[in-house]
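1. Predicted structure and sequence below. I'll ask about it afterward.
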Amino acid sequence: MNNLLNSINAYPPYLEPLNPEQREAVVHTGNPLLILAGAGSGKTRVITTKIAYLIREKGVDPRSILAVTFTNKAAQEMAERARLIDDRAAYTMIRTFHSFGAWFLRRNSAFAGLGSGFMIYDDNDTISLLSHIMENIPKIDIKHFARCIARAKDYFLTPEDPQLSIIDYRKEFRGVYAGYEERLCQIGNVDFGDLIKKPVEILRTHPEVARRFRDRFRVVLVDEYQDTNIAQFELLKELCGPETYLCVVGDDDQSIYRFRGAEVRNILEFSDKFPGTDVIRLERNYRSIPPILKAASSVVSHNQRRLGKTLVAERGPGKKPVLAFLLNQDEEAAFCGEIIESSVRYAKRKKAAYSDWAVLYRTNAQSLGFETEFLRRNIPYRVVGSLKFYEREEVKDALALLALLMNPRDELAFRRVVNKPSRGIGAAAVGRILTEAADPKEEEGNLLTAAQQLAPSLSAKARSGIEAFLKALASGAETLADSPSQPRQREKPRKTAQENRSQEQLNAGEGLSVCVVALIQNAGIDEYHLSHDEIAGNQRINNLQELANAASLYPATPAGLEEFLEHIALDRSLEDTNRLNMDRVTLITLHNTKGLEFRRVIMTGIEQGIFPRFDSKGEELEEERRLFYVGATRAMDELYLCSTAARRVYGKSQTMQPSLFLYELDKTDFQIIGAPAYGYIPQKSGTLNLDHTQGSGSKRGDWEIGDRLFHEEQGYGSVINIQNSENGPVLKVHFDSGKEMRFLAFHQNSYITRIHHEL
DNA sequence: TAGTTTTAAGTTTTT
DNA sequence: CTTAAAACTA
């Protein structure tokens, strides 16, 4: 007993606030460790504390620790919090999977047949490359192939792999994939999937490289493990030798990236794949008040395929969540604005801050309504993710020029800007330049030298056009000082003088912005857009200025340019650090909320067809439930669920049905506002009666005519007849769509859910 | 051939 | 309602 007490007292003070399971997870060493951590159970705290513990108590070199997360935001937060416990954690490598892959590839590019200055193509680049390879193919098919290629790489499948038919059974896919890979290799760039796949291939074919990296990283920590895909699993296997300490953290109920190739099996079968694994469960929730946790668990408990766990709420009682039925999406936005405004401006006690609030939605398109409403009410907000800034034409043009500087073989970038503004270089000339560059005698695909060599044989107009273009590029190149292996210093963001001002001319500030501005001006991108459209042109100049400002944080060297472009490829959040800490409401997709928490959360658009989506059934429907679980468990103190009766789709008003998920909640846990009938005008609260759902298979035989039900394929309907058979009752159902069908009420694979509601 | 106007099509979710 | 592709004119 004394020994036990002594050992507990011997814990360093920073372990004191941890509960026994958390502490066990932190001090664990040796075998592989799987931490099954429910939402809000303090897993980030465990990982960050573990990093500090390993450095302090176990004498582990911080440089030999690798921590992988899923989003850049999570990586930043983890780094910050680890550093707060111990400064030396600053030397630990904390990155996203993709960012780590890029880092690895830059250092080992030669093994993959790449130059070190490769660029990272995004999904749009993949699509346009494919459309150049296959002409006259409808865009919808191109997109399909692009998606399949990305998926194939998620599953670590090459074009030769016999299992490729899992992705797409069509026989031409193999050829398309192979052709794409060949062209991408000629260009010398990589796509997102390559950032994981290529490192695995290098590690497998070059044992000496694998040895070096296993030597370097003695500890590997993985967050959000339930969302890793096959390729990422393979990467982990290659990075971890027998000496490596591997610790993964995850929650099968929060797996929401199956569409991206995530394999829940990775977490379900972790113990089999890494023999001797120890498992620690963190099931105490410190984040949410009990009724919020109950609501979230209630929905996700309808899933069949889950490990199952019981999250215990550690917090005391709190306010009932609110279930609000609104007439349409405008009312929904107004409702959000109303409750936020009153909590911040008019609350007598417990005044909230804007930043306490988050508005969650299923699709990015839904953010628009809230933005206009908030603008009108002067509610400050920020929209997380889907920043279309880098999608803008003028920004893409500028980036193409930069990309060409990095990699003169970049065919896509070349095509984009060579004749913009019009320089008399038509399709014919571009074609000749491309074939010239493809000539193996020439400097391996360099489009710029090819253009230069070909220029004399072209028309006078094309010749001078090419000369002007090359000169513009050269002016950008001149601004880059050779960087003699300086340590990469990323300057801290400062306030720039030219903030928020409409400029007639672009200002070159410092660092890399000099290069960006030189390119834009000498290539005439600014003039092109100004002369093109006077009104939009000014906004476009502002955007280009913003791009230049972002570039000013990087040194004007080739390495700085590389870093800038990589940052843009991997992290599109253009968050101005000055505004980061401003008091604002967060508008965010459900997917993007993973790992975040807010005091007050509004989940919006909880309607059939939107959340869950119309076509989701089976495993997809279960993933939508997990998404609901993730969203609801972000809330600490207050949770609001909104469902509308009508919504504008493509400009036309459409009636909506309440989400199936609402029927999976216990209505007595909620304060209800309005009612879910079409045309019902919400006036008083509490008219809705939502009984707790009986899933299929329960309470055999007490179906009645008139019962409402939901079928995963057919939607909502009513029972119009019941017959008995030896396998139980057979229901004849009249669906709202007009269809009538018969179902065995308790078939094993039945997708029927009974719902009760009275108005 | 470049730049415009007309018509059709389309919304998951992300590194 | 917005955006992309197709069709059309100068």
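-> Structure received.
2. what are the phi and psi angles of the closest residue to DNA strand C within the stretch 501-650 of chain A?
-> With Cβ to the nearest atom of the strand, the shortest gap between the stretch 501-650 of chain A and DNA strand C falls at residue A:650, namely 4.2 Å. Heads up, the C-betas are built off the backbone N, CA and C, glycines and all. Main-chain torsions, residue A:650, degrees, to the nearest 10: phi 50, psi 40.
3. Could you report the neighbour count for it?
-> For residue A:650, the number of neighbouring residues by other Cβ atoms under 10 Å comes to 5.
4. Equivalent analysis for residue A:615, please.
-> Counted by other Cβ under 10 Å, the residues lying close to residue A:615 total 10.
5. and the residue of the stretch 501-650 of chain A closest to DNA strand C, how far is that from residue A:614?
-> Applying Cβ to Cβ, to the nearest Å, the value for residue A:650 to residue A:614 is 15 Å.
6. before we move on, what about residue A:708?
-> Using Cβ to Cβ, residue A:708 is found at 18 Å from residue A:614.
7. isn't residue A:177 right up against residue A:149?
-> Yes - applying Cβ atoms under 8 Å, one finds residue A:177 in contact with residue A:149, separated by 5.4 Å.
8. Tell me the spacing between the residue nearest to residue A:558 when sequence neighbours are not counted and residue A:338.
-> In space, and not counting its chain neighbours, residue A:558 is closest to residue A:480: 5.6 Å by Cβ to Cβ, 6 or more residues apart in numbering. According to Cβ to Cβ, residue A:480 and residue A:338 sit 53 Å apart.
9. now residue A:150
-> Residue A:150 sits 42 Å away from residue A:338, taking Cβ to Cβ as the criterion.
10. who has more neighbours, the two?
-> Neighbour count, other Cβ under 10 Å: between residue A:150 and residue A:338, residue A:150 has more, with 17 against 13.
11. and the more buried one, what is it in contact with?
-> Applying Cβ atoms under 8 Å, 6 or more residues apart in numbering to residue A:150 gives the contacts A:123, A:126, A:191-193, A:261.
12. and the residue of chain A found nearest DNA strand C, how many neighbours does it have?
-> Residue of chain A nearest DNA strand C, by Cβ to the nearest atom of the strand: residue A:651 (2.8 Å). Residues lying near residue A:651 (other Cβ under 10 Å) number 5.
13. go on, the one 5 residues further on?
-> Neighbouring residues of residue A:656 were enumerated by other Cβ under 10 Å; the total is 22.
14. Just read off the phi/psi values of it.
-> The phi/psi pair for residue A:656 (degrees, to the nearest 10) reads phi -120, psi 160.
15. For it, give me the pLDDT.
-> pLDDT, residue A:656: 88.
16. wait, doesn't it sit right on residue A:649?
-> No - Residue A:656 is beyond contact range of residue A:649, at 9.3 Å (criterion: Cβ under 8 Å).
17. how much space between the residue of chain A closest to DNA strand C and residue A:518?
-> Applying Cβ to Cβ, the value for residue A:651 to residue A:518 is 44 Å.
18. Residue A:541 too?
-> To residue A:518, residue A:541 is 15 Å away according to Cβ to Cβ.
19. Give me the contacts around stretch A:257-268.
-> Counting by Cβ under 8 Å, 6+ apart, A:34, A:150-151, A:154-155, A:225-231, A:233, A:248, A:250, A:252, A:255-256, A:305, A:307, A:591, A:619-620, A:623 sit against stretch A:257-268.
20. Could I have the buried ones of these as ChimeraX selection syntax?
-> Those of the contacts of stretch A:257-268 that count as buried under 16 or more other Cβ atoms under 10 Å are selected in ChimeraX with:
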select /A:34,150,151,154,155,225,226,227,228,229,230,231,233,248,250,252,255,256,591,623
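21. Name the residues of the stretch 351-500 of chain A found near DNA strand B, please.
-> Contacts of the stretch 351-500 of chain A with DNA strand B, taken as Cβ under 7 Å from any atom of the strand, map to A:362-365, A:385-386, A:419, A:422, A:424, A:426-428.
22. Inside helices: which ones of these?
-> Among these, the members found in helices (DSSP state H) are A:427-428.
23. For the residues of the stretch 351-500 of chain A next to DNA strand B, name the two members farthest from one another.
-> Farthest apart among these by Cβ to Cβ are A:362 and A:424. That separation is 47.9 Å.
24. just checking: which of the contacts of stretch A:257-268 also lie near DNA strand B?
-> Taking Cβ under 7 Å from any atom of the strand as the test, DNA strand B is in contact with A:150, A:591, A:620 out of the contacts of stretch A:257-268.
25. Could you dump these into CSV with distance to residue A:438, pLDDT and secondary structure added?
-> Below are these laid out as CSV (distance: Cβ to Cβ, whole Å; pLDDT from 0 to 100; DSSP: H, G, I helix; E, B strand; the rest coil):
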residue, distance to residue A:438, pLDDT, secondary structure
A:150, 26, 93, helix
A:591, 41, 93, helix
A:620, 44, 87, helix
